[in-house]
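# just coords:
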């Protein structure tokens, strides 16, 4: 019997009686998996498990054309074209992931998606609200990771000890009428408290900041880690993957492309005009009229508001499901990098010297130690529209960064 299931936010598995393979690049492979008849079923499959997996890969998430172009751009070589490639993969469920803010619109679906990863051995869920119900529910899923619950500040340290990846979606979500400043006033203190605990208990972990406004909360996290003496800029990430997911989706719809082949880099920041999709760098190469560029750029920048307004009156009036999807994709990419995959690329908001701004979102290469490389080539050869938009976003992004830094420094002075 064969069934189709989404095993993580980034990967779709076609499962016979065995399991998932570790995919390539920031966007994963769709693979058809056959059991290796020489091995009995013993490890993860999503539904079952096996010692080894014989993977017959027919296409990647990016598609053949985009993968070849990315390889030429970043590695200087193009892979040999082949309709099928065969490899043996043995997923290692050996990483501990902690979600801080696991009860809520983003936290719960994110926890479910991460629970489905074959690379996760332990999934720790933390919230100030009672998280026992969510943990109990997830623990019934027959995937390898053990789920543990931690409620309240007194249990935060135990949640974080030994974590390889810490994901922070905690805080209030944007509702109709709320500005990014409104979010800052509440979420800044939440991020500060949680990052202090990360610094004390798992300073070597990859830290994924989802709590908005990311343009400010990532600099807050950096300042806290500096104060604690454990700051590693290669391991602090603002999760901007949702901007890429939206750009890919909207471009595919507009140009009637196969979504699996679409990849649009998004640079800058993570709100309003600071979000800059580089449509001239989209893969596969397509042309846009000036009107299409304007329309797509504005829609990608305002997509959060589009969802907030559509959800007005609902219990969760913000982007939750697509954010969880994008965050889980970035977690899976981080885990693959930690596990030795040498070909993992994502866009992320990090400390950067790509521009004069201290923090900037761009495509990066991930490795075992975090950021291995910042892909600078995508900021070369911009169109006139993109160049003007890049210059226009800098003052707003600079102000957001300075606001985050000032928040921590003022608290230090007051203390």
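Thanks, I have the structure now. Because the structure is predicted, anything quoted here is derived from the model rather than measured.
# got the buried residues for the lengthiest helix in the chain?
For the chain, the longest helix by residue count, based on DSSP state H, is helix 384-414. For helix 384-414, the neighbour count (16 or more other Cβ atoms under 10 Å) marks 386, 389-390, 393-394, 396-398, 400-401, 403-405, 407-408, 411 as buried. Quick note: C-beta positions are derived from backbone N, CA and C, even for glycine.
# with stretch 244-257 instead?
Residues of stretch 244-257 classed as buried by neighbour count (16+ other Cβ under 10 Å): 244, 245, 246, 247, 248, 249, 250, 251, 252, 257.
# between these, which is closest to residue 371?
Closest approach between the buried residues of stretch 244-257 and residue 371, by Cβ to Cβ: residue 244, at 16.5 Å.
# ok, the closest one touching residue 262?
No. Under the criterion of Cβ atoms under 8 Å, residue 244 is not in contact with residue 262, lying 10.1 Å apart.
# all helices of the stretch 151-300 of the chain, in order?
Secondary structure of the stretch 151-300 of the chain by DSSP state H, counting those that start in this stretch: the helices cover 156-160, 180-201, 214-228, 241-255, 290-301.
# just those helices: most buried one?
Neighbour counts (mean count of other Cβ atoms under 10 Å) averaged over each of those peak at helix 214-228, with a mean of 24.
# counting by contacts, list what it packs against.
Packing partners of helix 214-228 (3 or more Cβ pairs under 8 Å, 6 or more residues apart in numbering; DSSP states H and E): helix 180-201, strand 206-209, strand 236-238, strand 344-351, strand 359-367, helix 384-414.
# can I get the ones you listed in a markdown table including distance to residue 322 and mean pLDDT?
As requested, the helices and strands packed on helix 214-228 are arranged in a markdown table below (distance: least, Cβ to Cβ, whole Å; pLDDT from 0 to 100):
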| stretch | distance to residue 322 | mean pLDDT |
| --- | --- | --- |
| helix 180-201 | 18 | 92 |
| strand 206-209 | 16 | 98 |
| strand 236-238 | 17 | 98 |
| strand 344-351 | 15 | 98 |
| strand 359-367 | 17 | 98 |
| helix 384-414 | 22 | 95 |
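# could you find the closest non-adjacent residue to residue 273?
Among residues not flanking residue 273 along the chain, residue 393 sits closest, at 5.2 Å (Cβ to Cβ, 6 or more residues apart in numbering).
# that neighbour contacts residue 269, correct?
Yes. With contact defined as Cβ under 8 Å, residue 393 counts as touching residue 269 (6.7 Å).
# quick one: common contacting residues for these two?
residue 275 (Cβ atoms under 8 Å, 6 or more residues apart in numbering).
# ok, back up a step: figure out which of the helices and strands packed on helix 214-228 is closest to residue 99.
That would be, of the helices and strands packed on helix 214-228 and by Cβ to Cβ, strand 206-209, which comes in at 9.5 Å.
# starting at the chain centroid, how far to the closest one?
9 Å (Cα atoms, centre = their mean, to the nearest Å).
# likewise stretch 284-301?
Centre-to-centre, stretch 284-301 and its host chain are 23 Å apart (Cα atoms, centre = their mean).
# which residues are contacting that stretch?
Applying Cβ under 8 Å, 6+ apart, the external contacts of stretch 284-301 come out as 63, 65-66, 69, 243, 246-247, 250-251, 254-255, 257, 261-262, 266, 272-273, 275-277, 279, 306, 383, 385, 389.
# got the contact list for stretch 97-105?
Residues outside stretch 97-105 that contact it (Cβ under 8 Å, 6+ apart): 107-108, 110-111, 114, 120, 122-127, 129-131, 134-135, 145, 156, 159-160, 163-171, 173, 194, 202, 205, 211, 316, 318, 320, 331, 335.
# quick check on those residues: which are buried?
By 16+ other Cβ under 10 Å, the contacts of stretch 97-105 give 107-108, 110-111, 114, 120, 122-127, 131, 134-135, 145, 156, 159-160, 163-171, 173, 194, 202, 205, 211, 318, 320, 331, 335 as buried.
# quick one: which of the buried residues of stretch 244-257 is nearest residue 367?
For the buried residues of stretch 244-257, the nearest to residue 367 is residue 244 (19.5 Å; Cβ to Cβ).
# from residue 250, how far out is the closest one?
11 Å (Cβ to Cβ, to the nearest Å).
# residue 392 now?
Using Cβ to Cβ, residue 392 is found at 21 Å from residue 250.
# cool, residue 183 as well?
Residue 183 is 24 Å from residue 250, where distance means Cβ to Cβ.
# wait, residue 273 sits on residue 394?
No. If you go by Cβ under 8 Å, residue 273 and residue 394 don't touch, sitting 10.1 Å apart.
# I'd guessed residue 307 sits against residue 321; true?
No. Here residue 307 does not reach residue 321: they are 9.2 Å apart, not a contact under Cβ under 8 Å.
# quick one: which of those two has more around it?
Using other Cβ atoms under 10 Å as the criterion, residue 307 and residue 321 rank with residue 307 on top: 18 against 14.
# after whichever strand or helix holds the more buried one, which helix or strand is next?
Here residue 307 sits within helix 303-310, counting by DSSP states H and E. For helix 303-310, the succeeding helix or strand toward the C-terminus, using DSSP H and E, is helix 321-338.
# now do stretch 332-352: distance to the chain's middle.
Here the centre of stretch 332-352 is set off from its chain's centre by 9 Å, with Cα atoms, centre = their mean.
# where are the low-confidence patches of the stretch 201-350 of the chain?
The model of the stretch 201-350 of the chain has pLDDT under 70 over residues 315-316.
# 80 - rerun?
Applying pLDDT under 80 to the stretch 201-350 of the chain picks out residues 313-317.
# contacts only, for residue 126.
98, 99, 100, 101, 102, 149, 150, 151, 155, 156, 159, 160.
# switch to 6 Å and redo it
If a contact means Cβ atoms under 6 Å, 6 or more residues apart in numbering, then residue 126 has 100, 150, 159 as its contacts.
# again, but for residue 304
By Cβ under 6 Å, 6+ apart, the contact set of residue 304 is residue 319.
# mind running it again at 7 Å?
Contacts for residue 304 (Cβ atoms under 7 Å, 6 or more residues apart in numbering) come out as 174, 319.
# which residue is nearest the middle of this structure?
Per Cα atoms, centre = their mean, the C-alpha nearest to the average position across the chain is that of residue 330, at 2.6 Å.
# good, we can wrap up now.
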